[in-house]
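Peer 1: what shape does this take:
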Amino acid sequence: MPERIWSSRLALRVGVSGHRDLRKYVPARLQIRLRTILKEIADAVAVVARDAGPYYSGGPPLLRVVSPLAEGADRLVADEADNLGWELQCPLPFHRDEYKKDFSGKASADEFDKLLGKAIAILELDGDRAPESSPYETVGRVVLDHCDILIAMWDGKPERGAGGTARIVAMAQTRGTPVFWMNVLTGEERLLREEWDGEDRFLSPKTIREIVGRLLLPPWLKERREKVKYQTGEYVVSMKTGKTILGSIWTAFGWVMSIGARIPDREEYRDETLADPFRSHYQAVNERAKRIAGMFRGAFLVCYTLGVCAVVLALLNSVLGSFGWLIGELAAITVVFGLVMLLRHNHWHDRSVECRYLAEQFRILRYVYPLGLTSPRPHMPAHNRHADVSGSWMDWHLRAVLRRTPMPSFVVSPEYLDRHWRLLRREWVVGQIVYHERNHLRLGAIDDALHAFLWATAALAAGACVLHLLPIHDMQIRPWLTLFAAGLPAAASGFHAISTQGEFRRLSERSEAMRASLEKFDKRLEKHEQRGQLAMRNLRRFAAGVAQDMLAEVVDWHVLNITGPPVYP
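Peer 2: Residues are numbered from 1 along each chain as shown. So this is what the prediction gives:
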């Protein structure tokens, strides 16, 4: 994996939401306190850069503010951040000319143009003035999708309209985004309650350093308990790609065992016109995930197969009386022990699960990021907290890449929406439907074949036992009956072990359930297109739903594989 893909430049994004009219709240005082908070954030990032320098790429930290540039708080934060050398990213609720109709006059519009000209990314949404459109709530959601900390300049009162600061703050708290609340009435500054400690606190420099550290520090630097050992994930840098002998054995096994299954082909669809900043990350991690998974699966397949061979070779020695069979048995056992040691030393099982989770997160981002969305957070049930990926190196690396990547910059037009609707439906949703249908049929066929062989060998073993009970006087036949009576049950056990370790039936049923769920999304997408309801807010909602379903399936797969059947045969 190229070093530039693994190591991301240190970055932090601060979003803003607040009142438009700050004149009655002593703007000069707010400006001074805001400047202090932004400097304390920058100082906290500098501490992280010192402590975690080797785990980020070179260059000074990137500090970005995400602001829709509405009058009042949005512009105050943007202007102060710009004065401190921060980068500016601007999601707008409308196209810019329409948005200017919200401003108080020409001076305000000129100020807007001046700040907008400094932005490194501008996302002009397709909001309209209809009440159901909720353009300000949509742009508020985009701000939350692209910020790590939200500064709320707000009086603390309930919202007075859709997309108000109270609503944005509530959504931020639900997501677990830290909210730095500047109470414009009292001048009090607090860190609002969030998921890390469950209580509000005064916004002190110490609190800011703690929050920034929790966001940016790698998990193995944040965790101080000696008994917990975190993987850093750096193994992906030196890992090779391409086919392996064990992976080829697994591929050949799957092909042979699924012969006769009617598996449909997929018609490829690709639209290369959309921005895709995560393709290289996805391809790099996906190739490594496939390589490690192939080696792990091939290893346990070879181990179980050689275990059966060792039993048969021992029996052949008793039947034919040649030391050559014992040498073959010893060789089989040696290979099994060697593979087990490789599995333990290289952690193929754990690493295949880790890389697959990260690859699927990047796959999701490739389709949702052009809509201004970000990667969804995994939701872990209480009984699965022991396998929570939110504190893993994978999630840290994913968030580091996200923070470094600029917000998508484009004007949402009917042509863009139509193009992205086709990409979402044809390549992503339909592509995943076909994948899960193929996976369901292939894994089901493999499981059926394994059980067919299991019952066949068990029946033959029973037949050999019955023949053993008959008065057969040919002494040359009886040793062979012993071979079949003892060797065939070992083969049946091997088929059962492979079926259990591979979990083909369970994974087949999971793919069938995912296919059914995705088909519902596909029908809804088709209906909205037919009704002429292609709007950014609708596509974002559908894409977020698909992403959440897919991530839930990946996280569940991650938990089951981490706590599943014995890894080492």
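Peer 1: which residues touch Val555?
Peer 2: Val555 makes contact with 357, 378-380, 389 under the criterion Cβ atoms under 8 Å, 6 or more residues apart in numbering. C-betas here are computed from N, CA, C, even on glycine.
Peer 1: residue contacts, Cys355?
Peer 2: Contacts of Cys355 (Cβ under 8 Å, 6+ apart): 236, 285-286, 288-289, 292.
Peer 1: by neighbours, which of those wins?
Peer 2: Highest neighbour count within these, by other Cβ atoms under 10 Å: Val285, with 29 neighbours.
Peer 1: please compute how far the strand or helix carrying it lies from its chain's middle.
Peer 2: Element membership of Val285 [criterion: DSSP states H and E] is helix 279-320. Distance of helix 279-320 from its chain centroid, counting by Cα atoms, centre = their mean, to the nearest Å, is 27 Å.
Peer 1: mean confidence for it?
Peer 2: Averaged across helix 279-320, the pLDDT comes to 90.
Peer 1: name the helices or strands packed onto it?
Peer 2: Judged by 3 or more Cβ pairs under 8 Å, 6 or more residues apart in numbering; DSSP states H and E, helix 279-320 is in contact with helix 3-6, helix 235-238, helix 245-257, helix 323-346, helix 348-368, helix 478-502.
Peer 1: mean neighbour count, these: which tops it?
Peer 2: helix 348-368 (a mean of 23; mean count of other Cβ atoms under 10 Å).
Peer 1: grab the nearest non-local neighbour of Asn317.
Peer 2: Distances taken as Cβ to Cβ, 6 or more residues apart in numbering put Trp325 closest to Asn317, at 3.8 Å, once the chain neighbours are dropped.
Peer 1: residue contacts, Pro93?
Peer 2: Contact analysis of Pro93 by Cβ under 8 Å, 6+ apart lists 68, 99, 125, 127, 135-136, 138-139, 163.
Peer 1: let me know the closest of those to Pro414.
Peer 2: If you rank the contacts of Pro93 by distance to Pro414 using Cβ to Cβ, Leu125 comes first, at 13.1 Å.
Peer 1: how near is the closest one to Val412?
Peer 2: Plainly put, Leu125 is 5 Å away from Val412 if you go by Cβ to Cβ, to the nearest Å.
Peer 1: distance of the nearest residue to Gly328 once chain neighbours are set aside from Ile327?
Peer 2: With sequence-adjacent residues excluded and distances taken as Cβ to Cβ, 6+ apart, Gly328 is closest to Leu313, at 4.7 Å. Between Leu313 and Ile327 the computed distance is 9 Å (Cβ to Cβ).
Peer 1: then Arg363?
Peer 2: 48 Å.
Peer 1: quick one, phi/psi of the closest residue to Leu365 other than its chain neighbours?
Peer 2: Distance criterion Cβ to Cβ, 6+ apart; nearest residue to Leu365, sequence neighbours excluded, is Phe278 at 4.6 Å. Geometry field for Phe278 lists phi and psi as phi -110, psi 10, criterion degrees, to the nearest 10.
Peer 1: does Phe278 touch Arg366 like I think?
Peer 2: Yes: using Cβ atoms under 8 Å, Phe278 is in contact with Arg366, at 5.2 Å.
Peer 1: where does pLDDT dip in this protein?
Peer 2: 1-5, 131-132, 160-162, 193-200, 223-230, 266-275, 380-387, 472-475, 529-533, 560-569 (pLDDT under 70).
Peer 1: need the contact list for the residue nearest the centre of it.
Peer 2: The centroid of the chain falls nearest to Gln361 when counting by Cα atoms, centre = their mean (2.6 Å). If you count contacts by Cβ under 8 Å, 6+ apart, Gln361 has them with 375, 394, 398, 551, 554.
Peer 1: repeat for Gly298
Peer 2: Taking Cβ under 8 Å, 6+ apart as the test, what Gly298 contacts is 244-250, 253.
Peer 1: what distance do you get for the residue nearest to Ser493 when sequence neighbours are not counted to Met257?
Peer 2: Nearest non-adjacent residue to Ser493, counting by Cβ to Cβ, 6+ apart: Val308, 7.5 Å away. The spacing between Val308 and Met257, counted by Cβ to Cβ, is 16 Å.
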